[in-house]
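In: Here is a sequence with its predicted model. Questions after.
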Amino acid sequence: MLLDSLIDKAAQEGTNTVAVAAAEDAEVIEAVIDALDRNLARFILFGDKEKISSLIEMKKFDWMNNNRLKIVDADSEAIAAELAVKAVFNKEANVLMKGNIPSNILLKAVLNKEYGLRTGNVLSHVSFFEIPGYDQFTIITDAAMNIAPDLEQKAQIIKNAVLLAKAIGIETPKVAPIAAVEVVNPAMQATVDAAALTMMNKRGQISGCIVDGPLGLDNAVSALAAEHKGISSEVAGRADILLVPTIEVGNVLYKSLIYFAKAKVGAVIAGAKAPIVLTSRADSAESKLYSLALALCCVKK
């Protein structure tokens, strides 16, 4: 199992600490307890202490005698976010995780000029899918952060995804900028940007990977489809990373894989000073655990 291998990899380290903002959520608590049972990391849970401790006790977990778990009371979601981000900023933790809190509140703290985690780079969402019948990760970016990225933003989004891919052992990720057609059409900006990104890669402006596009989704992931269309490329049929042109494309592809293909996923926000686990409040505990493992594997040493 591809995503289970990330859990095993994270467990080999086991010394990282995760700051969870607004941890009073049953699925988050289940993922945290599972991570503790697997010795993946230490946790600092920020939020309503009474609610958090009650949820933990409902799981029959003895947190009072566990030195890898700490609960810090916070009067509001905004304060919980601020304290969690400050914990990462002050190096008390090296992964930030979203709990039962709107993304905009957490991201406001992440982008705070005084104590936030901004680096000057674009923040982007990177998701690692394990799809039944497919023997490698399918990495999709960006399905949740950047609405309609321009060329420079797309270049940074690629760089973020490549860093994460390398962190889990993909030495030279193959990147396919996705479009509706495989040829450059000036009326379709996605194809123009894809061609420019391919040239930027060839000239060393985007390094550590192989970029080739524009490619349709079919010939990016299917060698047979690429062959039928006469496309000869190091990336076609073997893409590790699918760069989508807009958030709508990414969002629909992301949800299609989960609901139609029954894929499993782990996802993080990259480009900040530390990995950020920013799952949806509707995501399962399993998905939260996979996202947490992915983030732990990507901590910079």
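Out: In hand now; what should we look at? Residues are numbered from 1 along each chain as shown.

In: show me what contacts Asp193?
Out: When contacts are counted by CB atoms under 8 Å, 6 or more residues apart in numbering, Asp193 touches 150-151, 154, 177, 245. Just so you know, the C-beta spots here come from the backbone N, C-alpha and C atoms, and that holds for glycine as well.

In: Using a markdown table, lay out the residues you listed together with secondary structure and distance to Ile139.
Out: Supplementary listing: the contacts of Asp193 in a markdown table, determined by DSSP: H, G, I helix; E, B strand; the rest coil; distance: CB to CB, whole Å:
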| residue | secondary structure | distance to Ile139 |
| --- | --- | --- |
| Asp150 | coil | 21 |
| Leu151 | helix | 20 |
| Lys154 | helix | 15 |
| Pro177 | strand | 13 |
| Pro245 | coil | 16 |
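
In: And the furthest pair within these?
Out: Pairwise distances among the contacts of Asp193 were taken by CB to CB; the largest, 13.1 Å, belongs to Asp150 and Pro177.

In: more crowded one of those two?
Out: Pro177 (28 against 10; other CB atoms under 10 Å).

In: and the gap between the more buried one and Lys154?
Out: With distances defined as CB to CB, to the nearest Å, the gap from Pro177 to Lys154 amounts to 7 Å.

In: One more: Asn39?
Out: Computed as CB to CB, the Asn39 to Lys154 distance reads 38 Å.

In: Just want to know which of the two has more residues nearby.
Out: Taking other CB under 10 Å, Asn39 and Lys154 do not tie; Lys154 has more neighbours (26 against 14).

In: Let's see the pLDDT reported for that one.
Out: Model confidence at Lys154, given as pLDDT, is 98.

In: and it, what does it touch?
Out: By CB under 8 Å, 6+ apart, Lys154 lies in contact with 177, 193, 197, 243.

In: Sort out which one of those residues lies nearest Lys91 for me.
Out: Set against Lys91, the nearest of the contacts of Lys154 by CB to CB is Leu243 (32.1 Å).

In: Now do the contacts for the nearest residue to the closest one once chain neighbours are set aside.
Out: Among residues not flanking Leu243 along the chain, Pro177 sits closest, at 4.6 Å (CB to CB, 6 or more residues apart in numbering). For Pro177, the contacting residues are 154, 190, 193-194, 197-198, 211, 213-215, 243, 245, by CB under 8 Å, 6+ apart.
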